[in-house]
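S.K.: How does the following fold in three dimensions:
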Amino acid sequence: MYLNNVRVRVVGTNREAFTNEAGEYHLDNLPSGSVTLDVYYTGSAPQQATVSVETAKDAEQNFIMRSSSQTAGADDAITLSEFTVTSTREINAAALAFIKGDETFAINIVEDVLEICQQLQNQTPVSYWVDFTTGEAYLGLGEIDKALAEYAKGLHRNPAPGPRELRSALGGISRMVEAKKLPNDVIDNFVDAIKTLFNYYGIGITFFGNHLFESIHTF
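M.R.: Model (predicted):
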């Protein structure tokens, strides 16, 4: 199986490429000598390789991407514990990319996380954490209504999220909203909708401006 949207970066430069649907990538006009490639794909362990580039000649470097928790020959099924760790790391990476202005890279990460979430949505049972992560991914894509729908699903799950999980979810919302730099009117409407949604399920939230803080209580 070939992976699309794997990021291949030339270490020490701003040169990068993304694989196509056939798993191919191309980096043209590299200087001759040793070049180090850094490879990144959501849910996979990052890799590096050093390639010797000769003038007027093509160089080839292949990579085998494995799950960040997978060893050779291990089962590649997605487990919830693996998903929780991986998705949190990837969403954080997407938020940082948004902050740095690397919109293309951030969107690629978010779309990859969303694809994993959608796979898990088809499994039984589905955890609220999958819903919350899906909601944060939709926030990263600017799809506010879909994000709200996912948070509503997560709050309605049985077993329901506890105070610690709710604080984590709110922290994720705040981080992505700020990183995405959504228009103020969109942020205001979204914050109001989140507050109404959590209140509906008997969960009080303290807001300061557009920031969500960890003051949570149940009615």
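
S.K.: For this protein, just list every one of the strands.
M.R.: Ranges of strands within the chain are 7-10, 16-18, 33-40, 47-53, 203-208, 211-218, based on DSSP state E.

S.K.: tally of neighbours for residue 127?
M.R.: Around residue 127 sit 18 other residues, with neighbours defined as other CB atoms under 10 Å. Quick note: C-beta positions are derived from backbone N, CA and C, even for glycine.

S.K.: Between the two ends of stretch 52-63, what distance do you get?
M.R.: With CA to CA, to the nearest Å as the measure, the first residue of stretch 52-63 is 16 Å from its last.

S.K.: can you check stretch 97-111 too?
M.R.: Taking CA to CA as the measure, stretch 97-111 stretches 14 Å from start to finish.

S.K.: where's that stretch relative to the chain centroid, distance-wise?
M.R.: Taking the mean C-alpha point of stretch 97-111 and that of its whole chain, the gap between them comes to 9 Å (CA atoms, centre = their mean, to the nearest Å).

S.K.: Which one of the strands of the chain has the poorest average confidence?
M.R.: Out of those, strand 211-218 stands lowest, with a mean of 45 (criterion: mean pLDDT).

S.K.: residue contacts, residue 147?
M.R.: Contact criterion CB atoms under 8 Å, 6 or more residues apart in numbering gives 135, 136, 138, 139, 190 as the residues in contact with residue 147.
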